[in-house]
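Enquirer: I would like the atomic coordinates for the input below:
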Amino acid sequence: MSYLDFYGLKTEPFSNAPNERFYYNSAQHAKALTRMMYVAETMRGLAVVIGDIGTGKTTLARKMLDNLPVEAYESALLIILHSEISPEWLLQKIATQLGVERPAKERIQVIGQLYRRLLHLHEIGKKAVVLIDEAQMLNSKELMEEFRGLLNLEVTAHKLITFIFFGLPEIEENFNLDPPLLQRVSMKIRLSTLTEEATSAYIVHRLAVAGLRDPVFSDEAMKHIYKYSTGFPRKINILCDNALFQGFLMRERTIDMNIVEEMASDLGFRAEGMITPPETAVDLPTVDWVQESGGIESPAESDFRDVVMDQSDGVDESEDLEERFEEFFKDTFSDE
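Expert: I've put the predicted structure just below:
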């Protein structure tokens, strides 16, 4: 018998592996999701979701991806596992995720393939949205400049691609590597930890999804879970999972504060973190979160507007497309 059988659970309720079924739509996550969908729908170019470890960024990214209907969006989620990646690797991955077949190895060529693909998506009425998780790993000026270059890909009054970065607070330092890219951030969303009330609701929600609707944690146990987790979903999961297993070993149908205290001690979770209350999410109206791109303009952007065809003027797109591609890519993305 496992603790699942003992408590009548159908599946593990507190696994830290991302799972859409267990997504808890807290007030701040609901607001964040709404704002991200606005960025995608209006193709704002670049948005950033910032939060400490364990605040639910990856879960939110996967929820966002699931919320983008395939008939309206060409979307992808790219997870950056380490910082030692090259601009060529990044471009190839983005191109592959957006449907480019057999991306070229050379940087300029793959940008050309990606540009053609984005133009095609625009023509058929689909929006290209790429979510980048663990974006704090993009900690080189070369990578930041590459995203700035990709954001230059546009047609008259329309951007061809939108990126949403999910990362730790140090991602803000990365933007300092390329100030013109910072000017293109149209929205910043900051995730904070859960409140005590939201922590209890989160626990009840996950237990219910796993098949248990009767209370298993006492009210005092809930308070202590919040005290030791300080509202971080990842720490809540670890503490609750250990408490359930310990309760099973002790054959206790109800998890009380003593079990939570013991597990918190074993895990090294300290209640002293509650001396400084966690920062709560600020409920700002959308208009305060959104700004038009502006500020510093690179020569590449100015050149781009002079080179890319205005499709609304009835120009035959096939007339000199290859020449325009070649001229644009050399001027905008040349390493020289």
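
Enquirer: the residue nearest to Asn242 when sequence neighbours are not counted: neighbouring residues, count only.
Expert: In this structure, Asn242 finds its nearest non-sequential neighbour in Met263, 4.2 Å apart by Cβ to Cβ, 6 or more residues apart in numbering. Placement of C-beta: from N, CA and C, glycine included. Neighbour count of Met263, defined by other Cβ atoms under 10 Å: 24.

Enquirer: what of Glu196?
Expert: So Glu196, with other Cβ under 10 Å, has 17 neighbours.

Enquirer: all strands for this structure, in order.
Expert: Here the chain has its strands, by DSSP state E, at 46-51, 73-79, 127-133, 154-155, 158-159, 161-167, 187-191.

Enquirer: hang on, the earlier thing: the residue nearest to Asn242 contacts Leu239, doesn't it?
Expert: Yes. Met263 is within contact range of Leu239, at 6.0 Å (criterion: Cβ atoms under 8 Å).

Enquirer: tell me how this structure divides into domains.
Expert: Using automatic domain parsing, the domain parsing of the chain gives 3-21+194-275, 27-193.

Enquirer: Ile259 touches Met250, doesn't it?
Expert: Yes. Counting by Cβ under 8 Å, Ile259 does reach Met250; the two are 7.3 Å apart.

Enquirer: pick out whichever of the two has more residues nearby.
Expert: Applying other Cβ under 10 Å to Ile259 and Met250 shows that Ile259 carries more neighbours, namely 23 against 12.

Enquirer: per-residue pLDDT of that one, please?
Expert: Here, the pLDDT recorded for Ile259 equals 97.

Enquirer: next one: Glu146
Expert: pLDDT at Glu146 comes out at 93.

Enquirer: count the residues that sit near it.
Expert: Using other Cβ under 10 Å, Glu146 has 23 other residues around it.

Enquirer: ok, it to Val110 distance?
Expert: To Val110, Glu146 is 11 Å away according to Cβ to Cβ, to the nearest Å.

Enquirer: any residues in contact with both of these two?
Expert: Leu91 (Cβ atoms under 8 Å, 6 or more residues apart in numbering).

Enquirer: I figured Ser75 hits Val130, correct?
Expert: Yes. Counting by Cβ under 8 Å, Ser75 touches Val130, with 7.2 Å between them.

Enquirer: those two - which one has more neighbours?
Expert: With neighbours defined as other Cβ under 10 Å, Ser75 and Val130 compare such that Ser75 has more, 23 against 20.

Enquirer: and the more buried one, what does it touch?
Expert: 40, 65, 68, 128-131.

Enquirer: do that again at 10 Å, thanks
Expert: By Cβ atoms under 10 Å, 6 or more residues apart in numbering, Ser75 lies in contact with 40, 64-69, 97-98, 126-131, 162, 164.

Enquirer: check Leu77 too.
Expert: Contacts for Leu77 (Cβ under 10 Å, 6+ apart) come out as 58, 61-62, 64-66, 68, 97, 129-133, 164, 166.

Enquirer: which one of those is nearest to Ser229?
Expert: For those, the residue nearest Ser229 by Cβ to Cβ is Thr58; the value is 17.6 Å.

Enquirer: spatially nearest residue to Phe232 (excluding sequence neighbours)?
Expert: Leaving out its chain neighbours, the residue that sits closest to Phe232 by Cβ to Cβ, 6+ apart is Gly54, at 4.0 Å.

Enquirer: that neighbour contacts Ser229, doesn't it?
Expert: Yes. The criterion here is Cβ atoms under 10 Å, and Gly54 meets it with Ser229 at 8.8 Å.

Enquirer: quickly note the distance from Glu101 to Arg116.
Expert: Applying Cβ to Cβ to Glu101 and Arg116 gives a distance of 11 Å.

Enquirer: the two: who's more crowded?
Expert: The neighbour count for Glu101 versus Arg116, taken as other Cβ under 10 Å, is higher for Arg116 (13 against 8).

Enquirer: would you point out the helix or strand in the protein whose mean pLDDT is lowest?
Expert: In the chain, no helix or strand scores lower on mean pLDDT, DSSP states H and E than helix 286-289, which sits at a mean of 32.

Enquirer: before we move on, the earlier item: just the buried ones from the contacts of Leu77?
Expert: Buried subset of the contacts of Leu77 (neighbour count, 16 or more other Cβ atoms under 10 Å): 58, 61-62, 64-65, 68, 97, 129-133, 164, 166.

Enquirer: which one of those residues is nearest Tyr23?
Expert: Closest to Tyr23, out of all of the buried ones among the contacts of Leu77 and judged by Cβ to Cβ, is Arg62, at 8.1 Å.
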